[in-house]
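*Asks:* next input, structure requested:
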Amino acid sequence: MAALASRHDPQPWRLLPLGWLADRAGRRAVMLLGFLFLAGGAVLVSATSRYWIIVTGTFMVGVGWSAATVASTAVIADATRTFEHGRAIGTNDTASAAAAIALPLLAGPGTAYELLARALYSLGVRPR
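*Replies:* Numbering: from 1, shown residues only. Just a heads-up that it's a prediction; the model follows:
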């Protein structure tokens, strides 16, 4: 898994086909494709403990993230004036980074609460 992760960052040229696809098929279509890949990959990763299925799911998440990022950046570039591109894309990247930090922190207590609720339910404690 570490070998797969280490191959992720140094290869930004692999995004070029997604930019081409966003230009040809449309930004919305590529963002939707990215969402479908992200969702499908997340399901694969969480549904099994088999190594190659997890690797495939992780790859799908990476392709989905890349497609959504490339297409959304193109939408921002299309929607802003040339001298506003840097600020608009920087704001988008900042919001993405903040969400990447905040959402897992929020999910932790939610997961812990669900585990506690299941444990209490299995012990016979039922909500009224």
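
*Asks:* for the protein, just list every one of the helices.
*Replies:* 2-6, 16-25, 27-46, 51-79, 85-122 (DSSP state H).

*Asks:* any chance of TSV for those, columns mean pLDDT and mean neighbour count?
*Replies:* In this view, the C-beta of every residue, glycine as well, is placed from N, C-alpha and C. Below are those laid out as TSV (pLDDT from 0 to 100; neighbours: other Cβ atoms under 10 Å):
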stretch	mean pLDDT	mean neighbour count
helix 2-6	57	9
helix 16-25	87	14
helix 27-46	93	17
helix 51-79	91	17
helix 85-122	83	11
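
*Asks:* and the most centrally placed residue in the chain, what does it touch?
*Replies:* The residue lying closest to the centre of the chain (Cα atoms, centre = their mean) is Trp65, at 4.7 Å. Counting by Cβ atoms under 8 Å, 6 or more residues apart in numbering, Trp65 touches Gly34, Leu38.

*Asks:* tell me the spacing between it and Ala112.
*Replies:* Distance of Trp65 to Ala112, computed by Cβ to Cβ, to the nearest Å: 26 Å.
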